[in-house]
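S.K.: Dropping the sequence and predicted coords here.
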Amino acid sequence: MGSTFGSLFRLSTWGESHGAGIGVVVDGCPPRLSLSEDDLQNDLDRRRPGQSRLTTQRDEADRVEILSGVFEGLTTGAPIAVLVRNDDARSGAYDHLKDLYRPSHADFTYDAKYGHRDWRGGGRSSARETIGRVAAGAIARRLLADHAGIEVLGWVSRIHDVVANIDTAAVTRSKVEADATRCPDPLAATAMTEAINAARLDGNSLGGIVTCVARGVPVGLGSPVFDRLEADLAKGMLSLPAAKGFDVGSGFEAVSMTGRQHNDAFVPGPDGPMTATNHSGGVQGGISTGGDVVFRVAFKPTATIASTQDTVTVDNVATSLEARGRHDPCVLPRAVPMVEAMALVVLADHWLLQQSIDVLPT
């Protein structure tokens with residue numbers, strides 16, 4: 001089971017939705033980085049369940065514990081082990097799922113591949129696994145902010161058919177966090193809230209898009225051919241639960257443009273060449289240009305819904321399912337810190353790789 005991600009800045013997540021806890025081991029973080037549990041807790045609070053009426057009401061504080069790799073407020077260079085305990089699992093709510101497969105979940109595929117699955121909340125396929133990623137992302141955030149001047153910021157730009165009108169350059173963390181939807185467009189946020197609540201009352205769910213920008217990314221991160229920066233970002237994003245699509249810069253809209261429209265002309269900049277536009281999303285030839293890295297991640301509607309659905313039992317007998325338990329009617333508000341975390345981990349890995357390159361003088 002692939003639970004490790006990264007090259008130099010490497011994380012290994014562990015734990016199940018209804019096990020004793022969830023965690024991560026981060027290897028490759030440089031020593032003497034100022035780090036505390038508070039640095040991790042802020043992002044985990046943004047990911048945790050029960051934070052608003054728009055999310056699952058599972059009541060988890062998600063209090064983080066750093067078990068190793070930090071001494072007297074500084075990283076030691078040793079692996080950083082992080083633990084978050086599960087306190088409100090209520091596994092009995094999943095007893096009715098033990099002998100059947102939920103539509104569009106990992107139940108059938110896990111059973112087919114491994115011959116054994118944890119049916120309590122989905123086990124490793126649950127979005128609760130992302131606690132470890134968000135904790136690792138918080139470590140990467142501190143590293144990149146303190147030593148590389150890189151900021152990563154995500155927000156909800158679409159839920160179902162409600163599309164926000166947002167100036168990417170003007171988005172701030174305070175604007176994103178001002179509303180429970182994590183959409184910085186107040187009018188769209190209100191419409192999104194209404195849509196999510198309507199779907200929840202109807203026993204249904206909604207999907208949407210998270211947009212993310214990385215500012216201050218230096219020139220040179222990423223490398224051809226298989227380690228392109230956008231390729232690693234895509235792998236990180238599409239590894240998130242419920243993620244179904246990824247594009248960078250102009251993305252799929254590029255197909256409706258001509259070369260003259262799409263090409264990013266170079267102009268003199270204060271620190272060297274820069275692009276006048278950013279249709280490439282801050283990456284050309286798999287290597288960062290020094291401009292903002294901008295990408296989007298599409299998330300499907302939550303698979304668990306409180307409506308009757310056709311399915312089969314583990315013995316391949318037709319039956320129906322009306323799911324019970326506590327579930328997000330829309331994953332988008334809680335997906336924002338997950339998207340940021342995977343972007344931070346990828347950027348930290350590539351930034352450290354770039355530091356290891358010694359270019360011979362001309």
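M.R.: Received, thanks.
S.K.: which helices and strands does the longest helix anywhere in the chain pack with?
M.R.: As assigned by DSSP state H, the longest helix anywhere in the chain is helix 332-355. The contact analysis (3 or more Cβ pairs under 8 Å, 6 or more residues apart in numbering; DSSP states H and E) places helix 332-355 against helix 37-47, helix 130-147, strand 151-159, strand 208-215, helix 229-238, strand 293-299. Yep, even glycine has a C-beta here, placed from its N, CA and C like the rest.
S.K.: what would these look like in JSON lines with mean neighbour count and distance to Asp95?
M.R.: Output for the helices and strands packed on helix 332-355, formatted as JSON lines (neighbours: other Cβ atoms under 10 Å; distance: least, Cβ to Cβ, whole Å):
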{"stretch": "helix 37-47", "mean neighbour count": "19", "distance to Asp95": "27"}
{"stretch": "helix 130-147", "mean neighbour count": "25", "distance to Asp95": "24"}
{"stretch": "strand 151-159", "mean neighbour count": "24", "distance to Asp95": "32"}
{"stretch": "strand 208-215", "mean neighbour count": "23", "distance to Asp95": "31"}
{"stretch": "helix 229-238", "mean neighbour count": "22", "distance to Asp95": "32"}
{"stretch": "strand 293-299", "mean neighbour count": "24", "distance to Asp95": "28"}
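S.K.: Can you say which of the ones you listed is nearest to Gly251?
M.R.: Closest approach to Gly251 among these is made by strand 293-299 (6.5 Å; Cβ to Cβ).
S.K.: How much space separates the nearest residue to Ser125 once chain neighbours are set aside from Gly207?
M.R.: Spatial nearest neighbour of Ser125, excluding adjacent residues (Cβ to Cβ, 6 or more residues apart in numbering): Ala106 at 3.7 Å. From Ala106 over to Gly207 the distance is 17 Å, taken as Cβ to Cβ, to the nearest Å.
S.K.: just Phe299 next, same as before
M.R.: 5 Å.
S.K.: quick one: common contacting residues for the two?
M.R.: 242, 244, 331-332 (Cβ atoms under 8 Å, 6 or more residues apart in numbering).
S.K.: so which of these is the most crowded?
M.R.: Ranked by the number of neighbours (other Cβ atoms under 10 Å), the shared contacts of Phe299 and Gly207 place Leu332 first, at 30 neighbours.
S.K.: That one and Ala199 touch, don't they?
M.R.: No - shown here, Leu332 and Ala199 do not form a contact pair, counting by Cβ atoms under 8 Å, at 11.7 Å.
S.K.: what do those two both touch?
M.R.: Both Leu332 and Ala199 are contacted by Leu206, under the criterion Cβ under 8 Å, 6+ apart.
S.K.: What are the contacting residues of stretch 100-109?
M.R.: Against stretch 100-109 from outside (Cβ under 8 Å, 6+ apart): 97, 111, 117, 119, 122, 125, 300, 303-304, 309-314, 319, 321, 323.
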